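In: structure of the sequence below:
(one chain, ligands or ions: 1)
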Amino acid sequence: MAKNFAEELGLTSFKASEGWLGKFKQRHHINNGVLSRLYSSEVPQFETLAITVPKKHVFHVELNRPKQLNSITTLMWKELKDCFESLNDNSECRVILLSARGKHFTAGIDFNSLMQDSSKAEEYEDVARKAKILEKLITHCQDGITSLERCNKPILAVVHSACVGAGVDLITAADVRYCTKDAWFQVKEVDVGLAADVGTLQRLPKVVGNTSTVRELCFTARKFDSQEASELGLVSRVYSDQESAIKNVLETAVTIASKSPVAVQNTKKSLVYSQSRPNEVGLEHIKLINQAMLQSEDLKKAAIAQATKSTTEYENL
Ligand SMILES: CCC/C=C/C=C/C(=O)SCCNC(=O)CCNC(=O)[C@H](O)C(C)(C)COP(=O)(O)OP(=O)(O)OC[C@H]1O[C@@H](n2cnc3c(N)ncnc32)[C@H](O)[C@@H]1OP(=O)(O)O
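Out: Predicted coordinates for the structure are as follows:
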């Protein structure tokens, strides 16, 4: 079409090459034929993450260091935090798909980045001063992962191929996990001389509800495949490949995005809050939230839609 216009304008040198098309799509935020800007006034931009808006209210976050196997650097930890904080505040965003570009989901922490950061502690002689530097480093990494849990929008992770070390920390902080048949997982930290410290040891037992297998996986660092991940309940479904996984999970995301954002976001808040607290404390928390939220217009709209078997649109939250 661009070539036809150019011909009409007498621009004979214009070729509408692949390179031109790629740059045009980038300039105008077009991804897989979908105009990102159509749905969002503000799609955040990052160096290590790619953000697109494939469907209305559905944001897609992709780990985007494919040449480095999506290994997680200091910058990526920071950008994960900034990204999920920004999507939490973005009222256009109602649900998030998390996947990765390239051969593997992630090779875990980037060794070069870790060496560089931890060497800062060597500038000091004293253990307390060294520990303070490392405390800051660990907090920085933990914040990147915990930002998924702090984000009130549901996060659906799609894992393919290798998901190693920090990758397991990352996906256990997501709300729902799916994977491809070729996916495999490894709580690798003991192999690199570490006790995992950014979430796997806290979240994986709760996700899976089986402490015996979880402890075996964490003590041995043995790889486990998509079938075992599915049997354990780490993933909800296994798809043949990444394309079909993303296509199907997008449908689930669209379903979630069609619901009241008040209902969905407070459901996540309550689930996250209640996961490590007694039932009575969780019940008090949701009681306080719903004292206000039962007065929201979403409740009336949803009730009418249910009663009249019709659909309804909700205001952004
Ligand atoms: C305060 C700390 C908090 C966080 C802690 C987190 C801890 C962890 O994440 S522990 C786990 C660390 N990761 C690993 O041990 C994974 C190591 N990599 C692999 O096992 C394999 O590379 C993998 C199975 C992921 C992929 O295998 P494949 O055959 O497809 O590729 P390779 O030929 O092995 O690798 C290609 C190049 O990538 C480099 N590379 C791999 N992983 C990392 C990494 N984590 N960091 C930096 N670079 C990595 C690898 O050396 C190859 O480089 P080159 O030889 O230059 O091509």
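
In: from the contact counts, what lies against whichever helix or strand L283 is part of?
Out: Taking DSSP states H and E as the definition, one finds L283 inside helix 279-293. Here helix 279-293 is seen to pack against helix 261-274 when contacts are counted using 3 or more C-beta pairs under 8 Å, 6 or more residues apart in numbering; DSSP states H and E. In short, each C-beta sits where N, CA and C put it, glycine included.

In: could you give the mean pLDDT of the helix it packs on?
Out: Model confidence over helix 261-274, given as mean pLDDT, is 98.

In: and if you look at stretch 203-220?
Out: Averaged over stretch 203-220, pLDDT sits at 96.

In: for it, buried residues please.
Out: Residues of stretch 203-220 classed as buried: R203, L204, P205, V207, V208, N210, T213, V214, L217, C218 (neighbour count, 16 or more other C-beta atoms under 10 Å).

In: from those, which two are the most distant?
Out: Using C-beta to C-beta, the pair of those lying farthest apart is R203 and T213, separated by 14.7 Å.

In: circling back to that earlier point, please flag which of the buried residues of stretch 203-220 sit within helices.
Out: Counting by DSSP state H, the part of the buried residues of stretch 203-220 found in helices is R203, L204, P205, V207, V208, T213, V214, L217, C218.

In: any regions of the stretch 1-150 of the chain where pLDDT drops low?
Out: By pLDDT under 70, the weakly predicted segments of the stretch 1-150 of the chain are 1-41.

In: mind listing what A302 touches?
Out: Neighbouring residues of A302 by C-beta atoms under 8 Å, 6 or more residues apart in numbering: S260, A263, T312.

In: just the angle for the helix or strand just after the helix holding L283 relative to helix 261-274, thanks.
Out: Once the chain leaves helix 279-293, the next helix or strand it forms, by DSSP H and E, is helix 297-307. An angle of 110 degrees separates the directions of helix 297-307 and helix 261-274 when computed by axes from the mean of the first three to the mean of the last three C-alpha atoms, to 10 degrees.

In: can I get helix 297-307 as PDB, trimmed to CA atoms?
Out: Taking C-alpha atoms only, helix 297-307 is exported to PDB below (Å, rounded to 0.1, in the frame of the first residue of the first chain):
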ATOM      1  CA  GLU A 297     -20.600   1.300  40.100                       C
ATOM      2  CA  ASP A 298     -18.900  -1.900  38.800                       C
ATOM      3  CA  LEU A 299     -21.000  -4.000  41.200                       C
ATOM      4  CA  LYS A 300     -24.300  -2.500  39.800                       C
ATOM      5  CA  LYS A 301     -23.100  -2.800  36.200                       C
ATOM      6  CA  ALA A 302     -22.000  -6.500  36.700                       C
ATOM      7  CA  ALA A 303     -25.300  -7.400  38.500                       C
ATOM      8  CA  ILE A 304     -27.400  -5.900  35.700                       C
ATOM      9  CA  ALA A 305     -25.300  -7.700  33.100                       C
ATOM     10  CA  GLN A 306     -25.600 -11.000  34.900                       C
ATOM     11  CA  ALA A 307     -29.400 -10.600  35.400                       C
END
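
In: let me know the average pLDDT across that helix.
Out: Here the mean pLDDT over helix 297-307 is 95, rounded to a whole number.

In: what are the buried residues along it?
Out: Within helix 297-307, the residues that qualify as buried are D298, K301, A302, counting by 16+ other C-beta under 10 Å.

In: that one vs helix 279-293, what angle?
Out: Our comparison of helix 297-307 with helix 279-293, counting by the same axes, to 10 degrees, yields an angle of 90 degrees.

In: next one: helix 297-307 to chain centre, how far?
Out: When distances are taken as C-alpha atoms, centre = their mean, to the nearest Å, helix 297-307 is centred 30 Å away from the chain's centroid.

In: residue contacts, the closest residue to the ligand within the chain?
Out: With C-beta to the nearest ligand atom as the measure, G165 is the residue of the chain nearest to the ligand, at 2.2 Å. When contacts are counted by C-beta under 8 Å, 6+ apart, G165 is found next to A107, G108, I109, Q186, V187, K188, E189, V192, A196.

In: what about the residue lying closest to it once chain neighbours are set aside, how many neighbours?
Out: Here the nearest residue to G165 in space, its sequence neighbours aside, is G108; by C-beta to C-beta, 6 or more residues apart in numbering that works out to 2.8 Å. Other residues within reach of G108, judged by other C-beta atoms under 10 Å, total 26.

In: for G108, what are its contacts?
Out: Neighbours of G108 in contact, by C-beta under 8 Å, 6+ apart: S71, I72, V164, G165, A166, G167, K188.
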